[in-house]
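Novice: A structural model of the following input is requested.
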Amino acid sequence: MTTMIAASSIVKANLPCSSRISSCSDFTSGHSWRPLEAAKHYRAHGVRSLRITCAATKTAKSPAEEEWKIKRQLLLEKRVRSVDVKEALRLQKENSFVILDVRPEAEFKQAHPPGAVNVQIYRLIKEWTAWDIARRAAFAFFGIFAGTEENPEFIKSVEEKLGKDAKIIVACSAGGTMKPTLNLPDGKQSRSLIAAYLLVLDGYKNVFHLEGGLYQWFKEDLPAEAEEED
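Specialist: Now for the predicted structure:
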């Protein structure tokens, strides 16, 4: 089956991006965007322009793809606390907290807080199944040629580096927030908040979240270091 979709219509519709097919930046949606579902939607509205021919199907929803409202509710129930960058630095120095940087490895190597541990929650798409090819095509349509997917080894990698009794501050680029605002009554989802949710589900008890993200950390000129390229 061939369906025609207009690029302008996709952009104007502001389709929510999937946590499994996000770009390198933090995303705010907990919903999934599926190319074939988008095709059906736009066909129903008589839109014609982009050709999609792949009949790939998506795997079942993972915990990371759970709705943001549900994630936020659990984080609040488990009393996951958000801290600003200066408080995070103090906790790291005085209370043996570990900053868990969940950004891509390349970003981590460019600059990160001293002593931070890196486990990326999203990675470049690796496989070549029909679904992965469809996702690559969807990314390429929007000019993104380094699409990412959820890292299936995230929790396993964290467990190898940090015990369940570790005191963790989860950090990403933007940070996100659980605080409600007029425009965002449920706050704003981010990679670090998704990672905190996965850690809580896995039994970690001392999980904090870096409000403002590492963007704010670097902006306030707090200690940072880089790693030399191999």
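Novice: what about E153, how many neighbours?
Specialist: E153 has 12 neighbouring residues, counting by other Cβ atoms under 10 Å. (Each C-beta comes from the backbone N, C-alpha and C, glycine too.)
Novice: quick one: it from V119, how far?
Specialist: E153 is 8 Å from V119, where distance means Cβ to Cβ, to the nearest Å.
Novice: burial of A116, as a residue count?
Specialist: 19.
Novice: again, but for the one 5 residues further on
Specialist: By other Cβ under 10 Å, 26 other residues sit near I121.
Novice: I'd say K78 and L199 touch.
Specialist: No. Applying Cβ atoms under 8 Å, one finds K78 not in contact with L199, separated by 9.6 Å.
Novice: between the two, who's got more neighbours?
Specialist: Remark: of K78 and L199, L199 carries more neighbours, 26 against 16, as counted by other Cβ under 10 Å.
Novice: Where does the more buried one sit: helix, strand or coil?
Specialist: Under DSSP: H, G, I helix; E, B strand; the rest coil, L199 falls in the helix class.
Novice: Contact partners for the residue lying closest to it once chain neighbours are set aside?
Specialist: With sequence-adjacent residues excluded and distances taken as Cβ to Cβ, 6 or more residues apart in numbering, L199 is closest to V207, at 5.1 Å. Contacts for V207 (Cβ atoms under 8 Å, 6 or more residues apart in numbering) come out as 78, 80, 168, 170, 196, 199-200.
Novice: So which of those belong to strands?
Specialist: 168, 170 (DSSP state E).
Novice: List just the nearest of the contacts of V207 to D221.
Specialist: Ranked by distance to D221 (Cβ to Cβ), the contacts of V207 are led by V170 at 21.9 Å.
Novice: sorry, back to before: let me have the contacts of V207 in a markdown table, extended by pLDDT and distance to V98.
Specialist: Listed next are the contacts of V207 as a markdown table, based on pLDDT from 0 to 100; distance: Cβ to Cβ, whole Å:
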| residue | pLDDT | distance to V98 |
| --- | --- | --- |
| K78 | 95 | 18 |
| V80 | 97 | 15 |
| I168 | 98 | 6 |
| V170 | 98 | 10 |
| A196 | 97 | 13 |
| L199 | 98 | 12 |
| V200 | 97 | 16 |
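Novice: Buried among the contacts of V207? Make that a ChimeraX selection.
Specialist: The ChimeraX selection below is limited to those of the contacts of V207 classed as buried (16 or more other Cβ atoms under 10 Å):
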select :78,80,168,170,196,199,200
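Novice: just the helices in this structure please.
Specialist: Under the criterion DSSP state H, the chain carries helices at the ranges 7-13, 35-44, 68-77, 85-94, 105-110, 130-141, 154-161, 191-201, 213-219.
Novice: Lowest average confidence across the ones you listed, which one?
Specialist: Note on those: helix 7-13 shows the lowest mean pLDDT, a mean of 34.
Novice: Report pLDDT for E228.
Specialist: E228 carries a pLDDT value of 74.
Novice: how far away is it from T181?
Specialist: To T181, E228 is 41 Å away according to Cβ to Cβ.
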